[in-house]
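J.: What shape does this take:
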Amino acid sequence: QVHLAESGGGLVQAGGSLRISCAISGGGLGDYTLGWFRQVPGKDREFMAAIKWFGDMTYYSDSVKGRFTISKDYAENTMFLQMNNLKPEDTAVYYCAADRGGRGIAAVALMYDYWGQGTQVTVSS
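T.: As a prediction, this is how the structure comes out:
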């Protein structure tokens with residue numbers, strides 16, 4: 001059973017930066033894919049970025065490509081999302097997720113098996 005815990009959310013002004021983290025525990029990650037999603041009230045969870053736990057493969061949504069960077073730290077068993085040039089429309093609850101499927105990177109929330117509790121990111125104009 002994999003456990004995920006996000007941290008690092010908060011309030012930031014438009015144009016600013018924030019790094020959120022996802023601490024991973026509970027088991028070996030093997031060929032897992034780890035992803036970041038966000039959600040605003042009344043809407044489905046939106047895919048942001050994903051990374052294979054082993055290897056260098058990453059994938060970004062068009063809405064964040066060039067502004068957000070996903071990374072990982074094996075020693076800390078942690079995944080990060082560095083968010084630059086933040087916009088008010090980036091305001092959401094951000095979730096990390098793990099897909100144990102051993103396939104290529106999925107950009108659909110239904111494909112992910114484990115989820116964190118979420119961290120709020122608010123970007124003021």
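J.: residue ranges for the strands of this structure, please.
T.: Here the chain has its strands, by DSSP state E, at 3-7, 10-13, 18-25, 33-39, 46-52, 58-60, 68-73, 78-83, 92-99, 114-115, 119-124.
J.: At the geometric centre of the chain, which residue sits there?
T.: For the chain, residue 36 is the residue whose C-alpha lies nearest the centre (C-alpha atoms, centre = their mean; 2.0 Å).
J.: Please name the residues that touch the residue nearest to it when sequence neighbours are not counted.
T.: Nearest residue to residue 36 in three dimensions, chain neighbours excluded: residue 48, at 4.3 Å (C-beta to C-beta, 6 or more residues apart in numbering). C-beta: built from backbone N, CA, C; applies to glycine. Each residue near residue 48 by C-beta atoms under 8 Å, 6 or more residues apart in numbering is listed here: 35-38, 60-61, 63-64, 68, 81, 94.
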